[in-house]
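A.B. asks: sequence and predicted model, in that order:
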Amino acid sequence: MLRPDVPLDVEALRRGRTTACFGAVIRYLETTDSTNTVAQQLARDGAVEGTVVIAETQTRGRGRLGRSWASPAFRNLYLSIVLHPPVAVPDAPRLGLVVGLATAETVAEWTPRAALKWPNDVLIDGRKVAGILMEMDAEEDRVRSVIAGIGVNLNMTPEDLPDDLRGKAGSLRMALGTPIDRVAFAGRLLARLEARYTQCLQEGFAALRGAWERLSCLTGRAVEIDDGGRRFHGTVCALADDGTLQLRDTAGRMISVVAGEVTVIDGYGKERADS
Ligand code: BT5
């Protein structure tokens, strides 16, 4: 049985670190409003790249567009990482896809049923198990910092789920039927994040596109995408080298979507073409 209140062994995480930079500094908090807010403050105070904030629970865990992130204590992973990417402001949003890929690849170490839903949700059997919140601090054309906030539902049980998330959210434990070692997961996540982030900076996002596509559960699916004003309908063809989603609409025209909420018209069915 999972004991409900066992803190994450942050010393074991530090000792087992396999990265050069990510997680060299870890700020561990039992409770906070949002790990992204703490990381933003640390970045403003000069925190080095790879500084990590982890909390056992968040009182105001954030999703995108003012949405909230359910953060029950001692169950899951709520982690933010300070980045100082040497990229132009318009290129920074693509890093969200990189963080999503690394997160999905980590989940895939535990289950081959892991899938990516553009832009960066991680699903198992159509249920969301991880979400990413990227927040940038920029001045004119210079990126000062980007905070990558990652929430992964590791040991959450059905009883931990708020009513509105039932049927929509899941956890690795719910999917696999066994408790998940949070230290092992966090260690692998930091390793994969550092590897993919470094690769993206050195080789460009296009080098990661194939890996992203292989985990995507959207390719070939009929979707509706709301970009906050317009609605696009079409079939997902591919992810472009610049991170935009390529749709073919009913008239056969190709559309590039930069950002938005995706609804899959006929459900997920089979998660990935190869699973
Ligand atoms: C996200 O937003 O998916 C980004 C979530 C990022 C959370 C991390 S935790 C560490 C760091 N600190 C923070 O304060 N945030 C980051 P979005 O795509 O807008 O999805 C939000 C929606 O997901 C909500 O409106 C719910 O429908 C659903 N949701 C909320 N909590 C969830 C959970 N624990 N698991 C699965 N789905 C959830």
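C.D. replies: Great, that's in hand.

A.B. asks: tell me how many other residues crowd A70.
C.D. replies: Neighbourhood size, A70 [other Cβ atoms under 10 Å]: 18. Using the backbone N, CA and C atoms, a C-beta is placed for each residue, glycine as well.

A.B. asks: find the closest residue to the ligand in the stretch 1-150 of the chain.
C.D. replies: Residue of the stretch 1-150 of the chain nearest the ligand, by Cβ to the nearest ligand atom: G131 (2.1 Å).

A.B. asks: spatially nearest residue to that residue (excluding sequence neighbours)?
C.D. replies: Excluding the flanking residues, the one nearest G131 by Cβ to Cβ, 6 or more residues apart in numbering is G151, at 5.2 Å.

A.B. asks: what parts of the chain come near the ligand?
C.D. replies: Contact residues, the chain versus the ligand (Cβ under 6 Å from any ligand atom): 34-36, 58, 61-65, 67, 69-70, 78-80, 128, 131-133, 149-151, 153, 165, 169.

A.B. asks: drop anything exposed from the residues you listed.
C.D. replies: For those, a burial check counting by 16 or more other Cβ atoms under 10 Å picks out 34-36, 58, 61-62, 64, 69-70, 78-80, 128, 131-133, 149-151, 153, 169.

A.B. asks: all helices of this protein, in order?
C.D. replies: In the chain, the helices defined using DSSP state H lie at 10-15, 35-44, 95-110, 172-176, 182-203, 206-215.

A.B. asks: deepest of those, which one?
C.D. replies: Stretch with highest mean neighbour count among these: helix 95-110 (a mean of 24; mean count of other Cβ atoms under 10 Å).

A.B. asks: please give me every residue in contact with E49.
C.D. replies: The contact partners of E49, by Cβ atoms under 8 Å, 6 or more residues apart in numbering, come to C21, V82, L83, H84.
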